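> 3D, please:
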Amino acid sequence: APDRTAVRSALEQASATGRAEIGFTPHGAMDHYVSLSLRRGGDNRLHGILSDASLAHAREVTLEAARAEAESLNQSKTKFLASMSHELRTPLNAVIGFSDIMRQKLFGDLSPKYTEYAQLIWESGQHVLDMINDVLDMSKIEAQKYELSLESFDLREPVSAALRLS
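Now for the predicted structure:
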């Protein structure tokens, strides 16, 4: 009888304030949803209008279910992005680290061609890392948890790097 308690509460509210609205499922018609609008008239009596709100209620229930599903999918996407970034960064750090060792010739000299390749591998690894970070930044923006910071940079370096990769 939760609906009975809610109707009783609406009647009390209408008696106190002059109006109340409530929706409920009638005991004898569980497949329907009824809207009750209560108003106090000039004669100080409560007047009520009952209307079948089954379709509107069904739409609300459907919309609420869709919203809950969308939130669940969004949380799944966030978990996937966090997991994906970790899984991609681990091997990527090895590629970047070893190519950096090679390009800096820490264990001996390389031929000019291999030095150039090591530089390209390192730059490509940095580019992939930047893309991973961009994807994560987009998820932070969607979650409204992203903080902007203005920074100056020399445009010549990224343009030169892009030209070397093409």
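> Just give the number of residues close to I96.
Residues lying near I96 (other Cβ atoms under 10 Å) number 19. Just so you know, the C-beta spots here come from the backbone N, C-alpha and C atoms, and that holds for glycine as well.
> Contact partners for the residue nearest to it when sequence neighbours are not counted?
Distance criterion Cβ to Cβ, 6 or more residues apart in numbering; nearest residue to I96, sequence neighbours excluded, is G125 at 4.0 Å. Counting by Cβ atoms under 8 Å, 6 or more residues apart in numbering, G125 touches L92, V95, I96, S99.
> Please, which helix or strand holds G125?
G125 belongs to helix 112-142 when assigned by DSSP states H and E.
> Now do whatever helix or strand comes next after that helix against helix 112-142: the angle between them, please.
On the C-terminal side of helix 112-142, the closest following helix or strand by DSSP H and E is helix 156-165. Relative orientation of helix 156-165 and helix 112-142, computed by axes from the mean of the first three to the mean of the last three Cα atoms, to 10 degrees: 120 degrees.
> so where's the chain uncertain?
Along the chain, the model assigns pLDDT under 70 to residues 1.
> one more time with 80
Within the chain, the stretches with pLDDT under 80 are 1-2, 28-29, 82, 139-146, 148, 165-166.
> centroid residue for it?
Nearest to the mean C-alpha position of the chain, counting by Cα atoms, centre = their mean, stands N74 at 4.4 Å.
> doesn't L50 fall inside a helix?
No. Secondary structure assignment (DSSP: H, G, I helix; E, B strand; the rest coil) places L50 in strand, not in a helix.
> Against L110, how distant is it?
L50 sits 86 Å away from L110, going by Cβ to Cβ, to the nearest Å.
> Among the two, which residue is more densely surrounded?
Legend: neighbour count by other Cβ under 10 Å for L50 and L110, higher for L110 (14 against 10).
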